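Novice: requesting a structural model of the entry that follows:
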Amino acid sequence: MLQTSEFLILVGIKVRRRRLELDLTRNTLGAKCNMSDSTIGSIERGERNISFLKFCVLCMALEVKLPHLIEGVD
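Specialist: Okay, here's the model as predicted:
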C-alpha cells in the first residue's frame, strides 16, 4: 500500500505528463483551473494534496476523466 506522499508523487507525474501532451504551460493550466502556476508545479511534484473539487476541475482542464489520473497508482 502506498503512502500518501508516494501517491501524490505518482499522480503529479501523470498530471505533468498530460499537461505536456496538451502543450500547456503551468501558467496556462493554472488559469484554466483558477490556480497559480506555483500551485500546479507543487501538484506535479507531489508536494500538495488538493481538495477533491479542485482535482475534478484539474481533470476537466486536462480533458481527462478522474480515473485516468489515479488508475494504476496503488
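
Novice: rounded mean pLDDT for the host helix or strand of Lys32, please.
Specialist: Assigned by DSSP states H and E, Lys32 belongs to helix 26-33. Helix 26-33 carries an average pLDDT of 97.

Novice: tell me the buried residues in it?
Specialist: Within helix 26-33, the residues that count as buried by 16 or more other CB atoms under 10 Å are 26, 29-30, 32-33. Any C-beta I mention is one placed from the backbone N, CA and C, and that applies to glycine too.

Novice: kindly report the same for stretch 60-72.
Specialist: Neighbour-count burial for stretch 60-72 [16+ other CB under 10 Å]: 61-62, 64, 69.

Novice: just stretch 4-24 next, same as before
Specialist: Result for stretch 4-24 [16+ other CB under 10 Å]: buried residues 7-12, 14-16, 18-19, 24.

Novice: from those, which has minimum pLDDT?
Specialist: Of all the buried residues of stretch 4-24, Phe7 carries the smallest pLDDT score, 91.

Novice: contact partners for the residue nearest the centre of the chain?
Specialist: By CA atoms, centre = their mean, the chain has its centre lying nearest to Val15, at 3.8 Å. Residues in contact with Val15, defined by CB atoms under 8 Å, 6 or more residues apart in numbering, are 40, 43-44, 58, 62, 69.

Novice: can you map out the helices along the protein?
Specialist: Here the chain has its helices, by DSSP state H, at 4-21, 26-33, 37-44, 52-61, 66-70.
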